[in-house]
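> this one's structure only:
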């Protein structure tokens, strides 16, 4: 348990790094699963399409969490934008 906490410490200290790793892992699992379904289904494309449509929300959710974390970080670095919340 101590080793796991030691390895997880850099990721826990940087939330954007954690979201990036989550996004990369999600994309890798999605692509690997699609490849496995394509291998198993042979020439039939319906299982591949069903897999892609069913698991696409998980990939989009991971991307949105990464984007929102990045956007919040950029907003916190910026200055006061006034009432309209526009840059100029």
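Alright, I've got the coordinates. It should be emphasised that the depicted structure is a prediction, and the values quoted were computed from it without experimental measurement.

> helices and strands of this protein: which one has the lowest mean pLDDT?
Least confident helix or strand, the chain: helix 2-13 with a mean of 78, by mean pLDDT, DSSP states H and E.

> In that one, which residues are buried?
For helix 2-13, the neighbour count (16 or more other Cβ atoms under 10 Å) marks no residue as buried. C-beta coordinates here come from the backbone N, C-alpha and C atoms, glycine included.

> same check, this time on stretch 22-34
Buried residues in stretch 22-34, counted by 16+ other Cβ under 10 Å: 22-23, 26, 30.

> Please flag which of the residues you listed sit within helices.
Among the buried residues of stretch 22-34, DSSP state H puts 22-23, 26, 30 in helices.

> Now do residue 62: how many residues are near it, please.
Counted by other Cβ atoms under 10 Å, the residues lying close to residue 62 total 20.

> do the same with residue 1
So residue 1, with other Cβ under 10 Å, has 5 neighbours.

> Compute the distance between it and residue 38, please.
39 Å (Cβ to Cβ, to the nearest Å).

> and if you look at residue 72?
Distance from residue 72 to residue 38, counting by Cβ to Cβ: 37 Å.

> With neighbour numbers in mind, choose between these two.
Ranked by neighbour count (other Cβ under 10 Å), residue 72 and residue 38 place residue 38 first, with 16 against 12.

> so that one touches residue 49, yeah?
No. At 10.6 Å, residue 38 and residue 49 do not qualify as touching, with contact defined as Cβ atoms under 8 Å.

> Please point out which parts of the longest helix anywhere in the chain sit buried.
What stands out as the longest helix in the chain, according to DSSP H, is helix 46-77. By 16+ other Cβ under 10 Å, the buried positions in helix 46-77 come out as 48, 51, 55, 59, 62, 66, 69.

> Now flag whichever of those residues is closest to residue 9.
Comparing those against residue 9 with Cβ to Cβ places residue 69 closest, at 18.8 Å.

> Not counting sequence-adjacent ones, nearest residue to that closest one?
Take residue 69 and drop its neighbours on the chain: the residue closest to it by Cβ to Cβ, 6 or more residues apart in numbering is residue 19, 4.8 Å away.

> which other helices and strands contact the helix or strand where that neighbour lies?
Taking DSSP states H and E as the criterion, residue 19 maps to helix 15-41. Helix 15-41 sits against helix 2-13, helix 46-77, with contacts defined as 3 or more Cβ pairs under 8 Å, 6 or more residues apart in numbering; DSSP states H and E.
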